[in-house]
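# Fold the following and give me the result.
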Amino acid sequence: METETFCPVCGEEQEHEVLAESHDLLVKCMHCGNVHRIPLPDEEKPVSVKTIVSFEETSRICEVELAASEICMIGDRMVAQCGDDYIGVEVTSIECGQKRVNRARPSDISAIWTRRIEEVVVRVSIHDGRNTFPLFLKVSGEEKFEVGMSYQYSGKKFRIIQIKLRDGAVMRKEGWNSVASRIKRIYALPS
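Presented below is the predicted three-dimensional model:
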């Protein structure tokens, strides 16, 4: 491990190799070779931030721990603590007072709005030429779906013709795929 600190021989900040760690650090200057001790750097205390976790029509008030110097951004993935449960989430909005922002430091955040991503519901619209049938698939957020592939869920067989992503992009080419946590809707034909 390396750290940058003041070297008493060089008289300036230099890169140092950490030789040992206990109640302080034993370091060796990589410029002059001088070995000396320095105090352990202060550990950054985590900041607990109110987090609203949404899953379909329900929401829970939870919390996320962030490092004080960390920048929280829309799209970040983290783990929220909801009582005794730990849930994988993705940041969808950041509230700072009365404003919504794209990024902020934890000390400025009044609430983080998130959606659950470890288990998601993927909406599938199966169109047979006359009618469209909705299908709601409860799957892992990491499950992949591919345009052109056939699937069977809840006794229904379908072939994907198009995938609409949460960011607005539409995937139409065969072979293009995405994980369930990024999918807004799948359009399919009966298979």
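
# hang on, V49 packs against I112?
Yes: between V49 and I112 there is a contact at 5.7 Å, judged by CB atoms under 8 Å. Glycine gets a C-beta too; all of them are placed from N, C-alpha and C.

# Of those two, give the one with the bigger neighbour count.
More neighbours surround I112 than the other of V49 and I112, with 27 against 21 (other CB atoms under 10 Å).

# rewinding a little: give the residues shared as contacts by V49 and I112.
64, 72 (CB atoms under 8 Å, 6 or more residues apart in numbering).

# What is the lengthiest strand in the chain packed up against?
Across the chain, the longest stretch assigned as strand under DSSP state E is strand 85-96. Counting contacts by 3 or more CB pairs under 8 Å, 6 or more residues apart in numbering; DSSP states H and E, strand 85-96 packs against strand 46-55, strand 72-73, strand 77-82, strand 99-101, strand 103-104, strand 111-116.

# State the mean pLDDT of that strand.
The predicted model gives strand 85-96 an average pLDDT of 92.

# and the angle from it to strand 77-82?
Going by axes from the mean of the first three to the mean of the last three CA atoms, to 10 degrees, strand 85-96 is angled at 110 degrees with respect to strand 77-82.

# Parallel or antiparallel, list what pairs with strand 85-96.
Strand 85-96 has its sheet partners listed here by DSSP bridges as strand 77-82 (antiparallel), strand 99-101 (antiparallel), strand 111-116 (antiparallel).

# could you dump these to a markdown table with distance to G129 and mean pLDDT?
A markdown table is the format used below for those (distance: least, CB to CB, whole Å; pLDDT from 0 to 100):
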| stretch | distance to G129 | mean pLDDT |
| --- | --- | --- |
| strand 77-82 | 39 | 91 |
| strand 99-101 | 42 | 94 |
| strand 111-116 | 34 | 94 |
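
# Of the ones you listed, which stretch is the most buried?
Looking across those with neighbours counted as mean count of other CB atoms under 10 Å, the highest average goes to strand 111-116: a mean of 21.
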